[in-house]
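>>> would you be able to build a 3D model of this:
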Amino acid sequence: MTAPQLRDHSWLSRPRPVRVLTVAVVVAALAAVVLGIFQPGTRPPDRPLSTLDGVCVAAVLAAIAQLAGLRFRLGPDAVSVSWAEAAVVVGFVVAPAGWLPAATLAGTGAAWLLLAWFTGLRNVAEIVHLVASMTLGVAGAALVTALIAGDAPIGGARLPLALVAGAFTYLLITFSLVVLTLVLHRDAAPGRIAARVLYAKLPMSVGNVLVGLCAVFALVREPLWLLAFGPALWLLHRTYRFHLRAAEERRMWEAFAAATTRLPGATEAEVARAGLRGALDVFGARRAELEVRLNGHRRYAQDGPGPDDPATARSGPAITRSMAVAGRPVGELTVWLGEPTLPVPQDEAAITAYGEALAGALHDAAAHQRIVELDARAAHDRVHDPLTGLINRVAFGEAGDRLLRTLDGGQHVALLQLDVVDFSEVNRTLGHRGGDEVLRLVAERLTELARPSELVARTGDDEFALLLPTMAALSDTAPRAASPLPPALRRARELVEHLRLPMEVAGVRLAVEVTVGVVAERPGRIEVGELLRRAALAVGRAKELGITVGTYDSGLDASSTDHLALLAELQDAFAADDQIVLHLQPAVDLVTAAPTGVEALVRWRHPRRGQLSPGAFLPAVERSELLIPFTRRVLDLALAAAADWTAHDIDIPVSVNVSARSLTDPTFPAQVTEALRRHRTPASRLVLEITESVAVSEQEIVDEVLARLRSSGVQVSLDDFGTGFSSLASVTRMPVDEIKIDRSFVDEMIDKPAAGAVVRGAVELGARLGVRVVAEGIETVEQRAALIELGCPTAQGYHFCKPMPADKIVSALSQLLDAAAASAPEGHRRGSSRGGGALGA
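Numbering: from 1, shown residues only. Below you'll find the model as predicted:
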């Protein structure tokens with residue numbers, strides 16, 4: 001027989017369908033008993049026992065079959081398999097068929113009362129259901145056997161067939177009732193339950209029928225043979241027990257493997273749910289609880305299929321195991337089993353192993369969760385300012401660009417950059433903690449003032465930015481302005497006024513002033529990074545002008561960006577052959593206009609900005625490491641031009657300006673000597689011009705460098721004479737070959753006597769020292785006449801010749817010489833005079 005043992009401890013706790021099934025089975029069983037009792041008691045004369053004795057033996061056999069039965073776990077319930085088929089076979093032979101249901105009712109009822117007493121099963125409804133099910137099964141078996149056997153003798157061939165059919169009928173009825181009861185009670189899959197019950201019961205049922213038939217044969221032929229049934233039954237019992245235990249352990253470990261495979265999860269909740277579900281599946285538990293003690297205490301619980309009553313779920317034995325990983329407590333796992341005679345050692349070992357696997361999965365999930373949190377925090381910190389919580393400059397650019405791409409290209413966007421005025425003073429006065437608090441308060445106010453579609457960010461130490469997506473959003477009532485700047489400026493002034501409101505920091509009441517840079521543009525034409533750059537220029541402009549709100553001026557922007565790119569573009573210019581060029585301007589005799597020298601004026605043919613004068617790039621060159629290659633390039637160009645006119649029998653020198661850094665470089669004389677050697681030019685054909693500021697800086701090094709240059713034959717000219725603080729001291733301290741009067745005195749010498757006196761003094765000083773004197777910047781006939789009257793011998797300027805490309809200088813010099821020879825053929829000889837110039841404009 002197969003019978004379910006359900007662990008519900010009250011009639012009302014059982015599901016309603018199960019209660020209905022129980023009532024139906026009890027009524028049917030009682031009806032079968034009553035009907036069987038009133039059946040005629042006649043039976044074949046070859047039966048071995050009397051009617052009363054046979055009924056008693058049948059009742060005893062039914063009781064023994066239950067007491068010697070085996071139980072196996074099926075989910076949260078225990079299913080009992082017994083020797084009932086053997087009892088049915090023997091009982092039909094020794095007792096009338098109609099009395100077998102009554103005998104079964106009495107015997108199984110007594111047996112289950114004893115079992116309830118010893119196992120703790122106290123549910124009367126369950127016992128009644130079990131006894132009624134077996135009674136109904138015996139009634140069906142007796143009916144089928146009687147119909148097939150009739151009055152067949154014991155030794156006939158029909159009786160064994162009838163007995164086998166009756167035993168099969170008993171198995172079919174009880175098997176069906178067990179499966180139906182479990183399905184209704186647990187809402188489980190019928191196929192799975194039927195397969196497991198049939199797997200456990202079928203071998204034992206076949207053995208029971210064979211044992212019953214053998215017992216009938218021994219009882220009829222030789223009752224003493226029944227003594228041999230004890231050892232045989234014991235061996236069969238052990239075989240069945242091993243079969244059921246092996247099947248259950250195999251099922252449990254297969255479920256264990258499947259459950260532990262499902263344990264790994266990304267979160268603690270996922271692992272806990274998988275762990276509880278696995279505990280229910282592996283151990284057939286009624287309920288599983290999990291207490292997790294990683295970073296706090298959390299409890300998870302899950303009941304098996306069936307009633308939702310917590311008291312019912314917690315019935316039966318419970319096993320609790322502490323879980324730990326590497327000695328670190330993880331929590332506790334508690335499992336409520338369904339069979340009151342359990343747990344067995346295998347259950348405890350399995351739950352311990354399962355708890356260890358679950359602990360590892362929970363620990364891994366906690367570690368994974370910490371990694372996820374750290375990644376999320378790192379991702380947050382990458383795009384947020386840790387002090388204020390606002391997005392940082394990088395995130396502002398990315399989010400702003402995404403926003404700009406969604407906007408209508410016909411609208412305007414504005415960006416306001418705010419710079420806290422004198423924030424360093426706040427840090428010095430209140431300390432960095434106070435400064436941080438000021439920044440947090442400014443950020444809070446900006447966040448409160450920002451509208452839903454606007455972006456606020458901290459873009460620097462004391463800088464914030466606000467992106468206004470559309471100008472229409474700046475004014476809720478006014479229509480869109482024709483120019484985007486007015487509404488943006490109004491918004492900027494509103495921010496200034498709100499941020500100016502007093503705040504209290506470190507017990508000090510203070511007001512924060514900000515400078516705001518405003519820039520507006522169409523979204524399709526620009527990125528946020530460029531808006532930020534322009535807004536920063538607007539902030540800088542506002543500070544220069546001493547105003548609170550400044551706007552972007554594109555006219556000032558070009559020079560700023562060009563300055564940043566200057567050195568990189570200069571390197572490209574050195575790599576090219578046609579960007580760094582010289583324009584040459586002759587110096588002439590004031591009387592005859594014969595050329596006395598040529599000044600080399602460097603120019604840069606910029607591919608984007610056009611031709612640049614020295615003032616646009618020479619200061620950057622002198623401050624960089626490009627000075628040496630730049631000086632080399634200019635010397636090569638100047639000496640190449642001088643070699644060209646020398647080849648045309650024009651014997652005059654070329655003048656090149658010298659940087660202050662070059663004269664403080666001890667290797668500079670060697671560089672000049674190497675350039676003269678490359679171009680095979682005598683040193684006397686090169687004049688190096690220096691300014692008074694160079695002459696008075698780092699005197700010892702400059703004097704040594706100049707002395708080495710003059711000893712090699714190179715001439716030295718003092719440029720811009722009269723503009724420094726120590727012109728006379730420079731001339732007397734440092735020997736020179738030429739003095740060049742600054743053009744500022746030449747411009748004013750006619751109208752201002754003081755300027756004329758300076759020019760006269762320079763001319764007289766040159767005559768007394770025996771050095772040449774050149775006046776710069778001659779543009780009019782009157783200036784030429786005045787200089788001649790003052791005795792100045794040489795001049796240079798637009799009045800005589802403008803600067804020209806190197807390929808035209810030879811022709812110009814030839815024309816000057818020819819004109820001078822024609823006007824004064826006996827006084828001047830071609831190539832007999834010389835002068836100097838400077839690398840400048």
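
>>> burial count for L52?
11 (other Cβ atoms under 10 Å). C-beta here means a position set from N, CA and C on the backbone, and glycine is covered the same way.

>>> how far away is it from Q346?
Noted for L52: a distance of 47 Å to Q346, by Cβ to Cβ, to the nearest Å.

>>> and what of A106?
For A106, the distance to Q346 - Cβ to Cβ - is 37 Å.

>>> now swap in G98 and tell me
Counting by Cβ to Cβ - G98 and Q346 are separated by 46 Å.

>>> roughly how far out does stretch 676-683 sit from the chain middle?
In terms of Cα atoms, centre = their mean, to the nearest Å, the centre of stretch 676-683 is found 65 Å from the chain centre.

>>> helix or strand right after the strand or helix carrying R433?
Per DSSP states H and E, R433 falls inside helix 423-449. Per DSSP H and E, the first helix or strand lying C-terminal to helix 423-449 is strand 455-458.

>>> end-to-end on stretch 491-510?
Start-to-end span of stretch 491-510 (Cα to Cα, to the nearest Å) is 23 Å.

>>> quick one: buried residues of that stretch?
491-492, 495-496, 499, 503, 505 (16 or more other Cβ atoms under 10 Å).

>>> residue boundaries of the helices in the stretch 201-350 of the chain?
Per DSSP state H, counting those that start in this stretch, the stretch 201-350 of the chain carries helices over the ranges 229-262, 268-283, 310-313, 345-383.

>>> of A106 and Q346, which one has the most company?
Between A106 and Q346, counted using other Cβ under 10 Å, A106 has the larger neighbour count: 20 against 14.

>>> dihedrals phi and psi, the more buried one?
phi -70, psi -50 (degrees, to the nearest 10).

>>> coming back round to it: out of the helices of the stretch 201-350 of the chain, deepest packed?
helix 268-283 (a mean of 22; mean count of other Cβ atoms under 10 Å).

>>> pLDDT at L839, what is it?
pLDDT for L839: 32.

>>> output the below-cut-off pLDDT ranges for the stretch 151-300 of the chain.
Applying pLDDT under 70 to the stretch 151-300 of the chain picks out residues 152, 154-157, 185-189, 192-193, 196-197, 199-200, 219-230, 232-234, 237.

>>> out of the buried residues of stretch 491-510, which sit inside helices?
Using DSSP state H, the members of the buried residues of stretch 491-510 that fall within helices are 491-492, 495-496, 499.

>>> which element is the closest residue to S624 other than its chain neighbours on?
Distance criterion Cβ to Cβ, 6 or more residues apart in numbering; nearest residue to S624, sequence neighbours excluded, is L567 at 5.6 Å. Counting by DSSP H and E, the element that carries L567 is helix 554-575.

>>> now that helix: average pLDDT?
Mean predicted confidence for helix 554-575 is 75.

>>> moving C-terminal of that helix, what's the next helix or strand?
strand 580-589.

>>> just to revisit the earlier point, now the helix holding R433: buried residues?
423, 426-427, 430, 434-439, 441-443, 445-446.

>>> run the chain-centre distance for the lengthiest strand in the chain.
Longest strand of the chain, by residue count under DSSP state E: strand 595-606. Centroid separation for strand 595-606 versus its chain: 59 Å, with Cα atoms, centre = their mean.

>>> what's the average pLDDT for that strand?
Here strand 595-606 scores 93 as its mean pLDDT.

>>> where in the stretch 651-800 of the chain is pLDDT low?
In the stretch 651-800 of the chain, residues with pLDDT under 70: 692-698, 722-733.

>>> would you list every one of the strands in it?
654-657, 686-691, 715-721, 738-741, 772-776, 794-796 (DSSP state E, counting those that start in this stretch).

>>> ok, A149 touching R158?
Yes. The pair A149 / R158 is scored as a contact, 6.0 Å apart, by Cβ atoms under 8 Å.

>>> where in the stretch 401-550 of the chain is pLDDT low?
For the stretch 401-550 of the chain, the ranges with pLDDT under 70 are 409, 471-484.

>>> that older thread, so which elements touch the helix holding R433?
Secondary-structure packing of helix 423-449 (3 or more Cβ pairs under 8 Å, 6 or more residues apart in numbering; DSSP states H and E): strand 413-420, strand 455-458, strand 463-468, helix 485-499, strand 503-505, strand 508-510.

>>> mind doing that once more with 10 Å?
The contact analysis (3 or more Cβ pairs under 10 Å, 6 or more residues apart in numbering; DSSP states H and E) places helix 423-449 against strand 413-420, strand 455-458, strand 463-468, helix 485-499, strand 503-505, strand 508-510, strand 514-521.

>>> elements contacting the fourth one?
Okay, so that is helix 485-499. strand 413-420, helix 423-449, strand 463-468, strand 514-521, strand 549-551.

>>> quick one: closest of these to W112.
helix 423-449 (75.8 Å; Cβ to Cβ).

>>> from L790, how far off is V759?
From V759 to L790 the distance is 6 Å (Cβ to Cβ).

>>> what packs against the helix or strand containing L105?
According to DSSP H and E, L105 maps onto helix 100-119. Using 3+ Cβ pairs under 10 Å, 6+ apart as the contact test, the elements touching helix 100-119 are strand 2-5, helix 16-37, helix 51-67, strand 77-81, helix 84-94, helix 124-149.

>>> give the rounded mean pLDDT of the second one.
In this model, helix 16-37 has a mean pLDDT of 83.

>>> list the buried residues in it.
Quick answer for helix 16-37 (16+ other Cβ under 10 Å): 18-19, 21-22, 25-26, 28-29, 32-33, 36.

>>> from those, pick the one nearest R685.
V18 (122.9 Å).

>>> how about A576, what does it touch?
By Cβ atoms under 10 Å, 6 or more residues apart in numbering, the residues touching A576 are 605, 607.

>>> wait, I meant I319
283, 285, 333-337, 342-343, 347-348, 350-352, 355.

>>> again with E625
Contacts of E625 by Cβ under 10 Å, 6+ apart are L567.

>>> and stretch 321-341, average pLDDT?
Here the average pLDDT along stretch 321-341 is 81.

>>> then stretch 91-100?
Mean predicted confidence for stretch 91-100 is 77.

>>> returning to that earlier point: ok, the helix or strand following the longest strand of the chain: who's next to it in the sheet?
Using DSSP H and E, the helix or strand that follows strand 595-606 in sequence is strand 610-612. Paired with strand 610-612 in the same sheet, following DSSP bridges, are strand 595-606 (antiparallel).

>>> give me the angle between the strand it pairs with and strand 580-589.
Interaxial angle, strand 595-606 versus strand 580-589 (axes from the mean of the first three to the mean of the last three Cα atoms, to 10 degrees): 160 degrees.

>>> and strand 595-606, which residues are buried?
595-604, 606.

>>> widest-spaced pair of those?
T596 and H606 (32.6 Å).

>>> show residues contacting stretch 637-646.
In contact with stretch 637-646 (Cβ under 10 Å, 6+ apart) are residues 580-582, 584, 595, 598-602, 650-656, 672, 675-676, 678-682, 685-687, 805-807, 809-814, 831, 837, 839.

>>> report the distance from it to the chain centre.
Chain-centre distance of stretch 637-646: 64 Å, with Cα atoms, centre = their mean.

>>> would you mark the buried spots in it?
Buried-residue list, stretch 637-646, by 16+ other Cβ under 10 Å: 637-639, 641-642, 645-646.

>>> also stretch 158-176?
In stretch 158-176, counting by 16+ other Cβ under 10 Å, buried: 159-160, 162-167, 169-171, 173-175.

>>> among those residues, which are located in helices?
Counted as lying in helices by DSSP H, out of these, are 159-160, 162-167, 169-171, 173-175.

>>> what is the nearest of the residues you listed to S133?
Closest to S133, out of all of these and judged by Cβ to Cβ, is T174, at 6.0 Å.

>>> tell me how far that closest one lies from D636.
116 Å.
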